[in-house]
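J.: Next one to model:
(2 chains)
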Amino acid sequence: MEYEEMFSRVEGVFRDIFDDEQLAITRETVADDLEDWDSLNHINLVTALESEFAIRFALGELQGLKNVGDMLDLTQQKTSA
Amino acid sequence: MLFHSATFIFYFLPATIAIYFLCRSLIHPVAARAALLLCSLFFYSWWNVTYLPLVLGSIVFNFTVGRRLCRQADRQKKKLWFILGILANLALLGTFKYFDFFIGNINAVFHTDIGLLHIILPLGISFFTLQQMAFLVDAYEGLAEEYHFIDYGLFVGFFPQLIAGPIVHHKEMMPQFADAKPFRPAHLTQGLVLFTIGIAKKLLIADPLGQWVNPLYEAAPTLLEAWAGMYAYTFQLYFDFSGYVDMGMGAALMLNIHLPHNFRSPLQSTTVIAFWTRWHITLSNFIMAYIYTPILRSYRKVTFKKAMIATLIAMLLSGLWHGASWTFILFGGVHGLAICVNQWRKKKKMRKLPRGWAWFVNFHFITLSLVVARSGNMAALKDYLNGMIGRNGIILPEFLAGLQVPSMSTVRFGEVLPRLGGDFWTPLFLLACLLIVLLGKTAQDMAKDFKPRPVNALVFGGLLALCLLRLDNPAEFIYFQF
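T.: Below you'll find the predicted structure:
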């Protein structure tokens, strides 16, 4: 999958979870940048990414996902595996 | 062996550092790691050698199961090994930590008389069991590699973190052990700074506070005593635990090992959610990743209500992890509820309190919840809370004796804080603690920014000397009981 395509799908997931159609993310976006990105929405994001890309994250990987870039990289790694 | 004992400071730590780096440069890095593991086991045995086989058994067992999980290709067999591994760890914790609590409750409910085991809690069991369960989960999910036994042993048994954390993750520790860098003077300096800050927190702040707090939980405190004791215990626990972690981080750094941060000025938090991301961070991470997430994932669709149920369960378990008693379960429960309220206010986009008020409310919630945690049993908790609302009597300072308080016959005038052993300085000491937790730099930042200048040598040297003069009669760390 092209990186751009994946990025826009991930952005779509973010817009869905945070219920904000205008939301724009970058690789550097972290939880502190989005007020609603708390532990609960973190899990929501992860499960939404899992169903969007038909992948599964391991429990031990979730703490390492500190920003959007981490999520993109791990998602890419899993979809290309 | 305690970090703040002469044995540790003058013999064990210097000897361990010397042995480690000598073995590394004269023999082989693997020999150095093996020596470090032996030193760590010696450190553990110093306290009670009868529990050494328990730690060793736990290490060997989990190492073996972990290896099976890494090698096993058959999914069914892998799952069986995984379940066996987790159950064995839970059984170990259940026997040594919760058995008597469980039987005691059965006896109370069914009026039976089943004998208790009266086991002394093996030091560090809650920490090393949790850490290895996380390792098994990761091995099962394909995140762990097959490690060298010595590195695995160090991951569990490394003395600066063996007894009361931080709860470390194999991914952050194994590469550091395997790397075994040569001696670095800068790390020794930074380590000494951290160690000095930690020992000062413990001996100059936490232990004196403990002398005030302990008597209050043995006899129903009067109004002002109870309130002073409540604040005193919050500060005692914070300085005791963060002091322990600073000392551990310092000792580890002298061996070139970076332990993860466990505190980030938690008492400055303005919400309870923020508090748990800054207090005992490694435990919060563990609960989040390995308890909260699987509960939430077990639901097909994540909703707000289900997330709140998962939060409550996770926090109740966290409370129970701290100790086998109803007061700890209650402690976890009130924190779970507070997090739910916090989340609900966020969800409803309610107006935030002004920062100062938010801090004030949150700080008092935390101090009050720590009264629950400290009390040990429901009867003592009731006594203490009665004290806080003046039902055990009120003693006001003498200089207020002119006041007419006709409606309150329980009011007396006299020495305030008598059982605290406190005096004029007591409130000032508490105020100083508050200022330190609100304005102080973290120990990690102080160590990072440390410049070797004469004035710093005087300050830290003086502080360390002051602590060394107080080494006799050391009190254990509070978190050793958990």
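J.: quick one: the closest residue to B:Pro221 other than its chain neighbours from B:Leu37, how far?
T.: What sits nearest to B:Pro221 in space, not counting adjacent residues and going by CB to CB, 6 or more residues apart in numbering or on different chains, is B:Gly387, at 4.0 Å. For the C-beta atoms, the positions are set from N, CA and C on the backbone; glycine is no exception. For B:Gly387, the distance to B:Leu37 (CB to CB, to the nearest Å) stands at 48 Å.
J.: Around chain B, which positions in chain A sit nearby?
T.: A:36, A:38-40, A:43-44, A:47, A:58-63 (CB under 8 Å from any CB of the partner chain).
J.: List buried residues within those residues.
T.: Among the residues of chain A next to chain B, the ones that count as buried by 16 or more other CB atoms under 10 Å in any protein chain shown are A:Asp38, A:Ser39, A:Leu40, A:Ile43, A:Asn44, A:Thr47, A:Leu59, A:Gly60, A:Glu61, A:Leu62, A:Gln63.
J.: Just want the phi and psi numbers for the residue in chain B positioned nearest to chain A.
T.: In chain B, no residue comes nearer to chain A than B:Glu141, which is 3.7 Å away by CB to the nearest CB. Main-chain torsions, B:Glu141, degrees, to the nearest 10: phi -90, psi 10.
J.: Hmm, A:Phe57 and it touching each other?
T.: No. At 9.0 Å, B:Glu141 does not count as touching A:Phe57 under the criterion of CB atoms under 8 Å.
J.: Could you count how many residues lie near residue 13?
T.: Just going to use chain A. Residues near A:Val13, counting by other CB atoms under 10 Å in any protein chain shown, number 21.
J.: actually chain B
T.: Close neighbours of B:Leu13, defined as other CB under 10 Å, add up to 24.
J.: so where does the closest residue to it other than its chain neighbours fall, helix or strand?
T.: In space, and not counting its chain neighbours, B:Leu13 is closest to B:Ala251: 6.0 Å by CB to CB, 6+ apart. Following DSSP states H and E, one finds B:Ala251 within helix B:223-254.
J.: Report the next helix or strand after that helix in sequence order.
T.: Scanning onward from helix B:223-254 (DSSP H and E), the first element met is helix B:272-278.
J.: can you tell me the average pLDDT over that next one?
T.: Average pLDDT, helix B:272-278: 91.
J.: Name the residues that touch it?
T.: A:38-39, B:263-266, B:268-269, B:284, B:335, B:338-339, B:342-343, B:362, B:365-366 (CB atoms under 8 Å, 6 or more residues apart in numbering or on different chains).
J.: Which single residue in chain A comes nearest to chain B?
T.: A:Ala58 (3.7 Å).
J.: In this structure that residue contacts B:Asp138, no?
T.: Yes. At 7.0 Å, A:Ala58 and B:Asp138 qualify as touching, with contact defined as CB under 8 Å.
J.: re the thing from before, would you reformat the residues of chain A next to chain B as CSV and include secondary structure and pLDDT?
T.: Formatted as CSV, the residues of chain A next to chain B follow (DSSP: H, G, I helix; E, B strand; the rest coil; pLDDT from 0 to 100):
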residue, secondary structure, pLDDT
A:Asp36, coil, 79
A:Asp38, coil, 78
A:Ser39, helix, 75
A:Leu40, helix, 76
A:Ile43, helix, 83
A:Asn44, helix, 82
A:Thr47, helix, 85
A:Ala58, coil, 92
A:Leu59, helix, 91
A:Gly60, helix, 89
A:Glu61, helix, 90
A:Leu62, helix, 86
A:Gln63, coil, 80
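J.: Need those in TSV (columns: distance to A:Lys78).
T.: Converted to TSV, the residues of chain A next to chain B look like this (distance: CB to CB, whole Å):
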residue	distance to A:Lys78
A:Asp36	25
A:Asp38	24
A:Ser39	22
A:Leu40	23
A:Ile43	17
A:Asn44	18
A:Thr47	14
A:Ala58	10
A:Leu59	15
A:Gly60	14
A:Glu61	9
A:Leu62	13
A:Gln63	17
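J.: Generate a ChimeraX selection restricted to the buried subset of the contacts of helix B:272-278.
T.: Buried residues among the contacts of helix B:272-278 (16+ other CB under 10 Å), as a ChimeraX selection:
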select /A:38,39 /B:263,265,266,268,269,284,335,338,339,342,343,362,365,366
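J.: What is the end-to-end distance of stretch B:87-100?
T.: 19 Å (CA to CA, to the nearest Å).
J.: wait, I meant stretch B:141-154
T.: Start-to-end, stretch B:141-154 (CA to CA) is 22 Å.
J.: For it, list every residue counted as buried.
T.: So for stretch B:141-154, counting by 16+ other CB under 10 Å, buried means B:Glu141, B:Leu143, B:Ala144, B:Tyr147, B:Ile150, B:Asp151, B:Tyr152, B:Gly153, B:Leu154.
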